[in-house]
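In: quick one, what's the 3D model for this:
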Amino acid sequence: MDSVDVIIGQHVFRARFQDQLAPRTCAMFRDLLPWREKIIHVRWSGECCWVPLGNFELGVEQENATNLPAPGEFLFYPGGVSEAELLLAYGCGRFACASGPLAGNPVLQITEGLASLRQMGEEVLWHGARDLLIRRAEQ
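Out: Numbering: from 1, shown residues only. The predicted structure is shown next:
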């Protein structure tokens with residue numbers, strides 16, 4: 001399974017796992033599907049949304065971690081300086097927390113639906129949390 005559907009509120013995106021960059025993280029994340037959470041707007045990371053995960057453990061360490069996500073890129077932070085979290089950039093972002101920069105493992109990259117990505121991010125910013133569903137892609 002290379003592709004997943006990412007549904008945030010009323011927005012539907014197609015994404016692919018970034019196995020070449022973070023194979024262990026992607027493999028562990030696949031096992032969680034379908035995955036439901038709430039996504040909210042970040043406080044420190046710019047034009048991004050995130051899923052705070054508290055003490056959640058995926059069982060991976062940092063793997064090609066970055067703090068500069070591309071628009072449409074999901075990063076998984078396994079915890080440490082801050083809580084575990086999943087970050088999605090919809091524009092210009094630098095992954096950070098109140099204590100400073102963070103780096104997350106690349107896990108998914110949106111490949112279809114990018115035209116509505118900014119609209120989704122701004123809806124979360126101005127209107128609050130949205131439901132997030134990541135599931136195996138429907139044909």
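In: please make it C-alpha for all contacts and neighbour counts, starting now.
Out: Noted.
In: OK, contacts around the residue nearest in space to the middle of the chain?
Out: Centroid-nearest residue in the chain, with CA atoms, centre = their mean: Phe74, separated by 3.1 Å. By CA atoms under 8 Å, 6 or more residues apart in numbering, the contact list for Phe74 reads 86-89, 106-109.
In: make sure I have this right: it is in a strand.
Out: Yes: counting by DSSP: H, G, I helix; E, B strand; the rest coil, Phe74 falls inside a strand.
In: beta-bridge partners for it, please?
Out: Leu88, Leu108 (DSSP bridges).
In: distance of it from Gly113?
Out: 15 Å (CA to CA, to the nearest Å).
In: kindly report the same for Met28.
Out: Distance from Met28 to Gly113, counting by CA to CA: 25 Å.
In: contacts for the helix ranked longest in the chain?
Out: Secondary structure of the chain per DSSP state H: the longest helix is helix 117-127. In this structure, residues lying in contact with helix 117-127 by CA under 8 Å, 6+ apart are 8, 11, 39-41, 47-49, 72, 90-91, 130.
In: 6 Å - rerun?
Out: 41, 90 (CA atoms under 6 Å, 6 or more residues apart in numbering).
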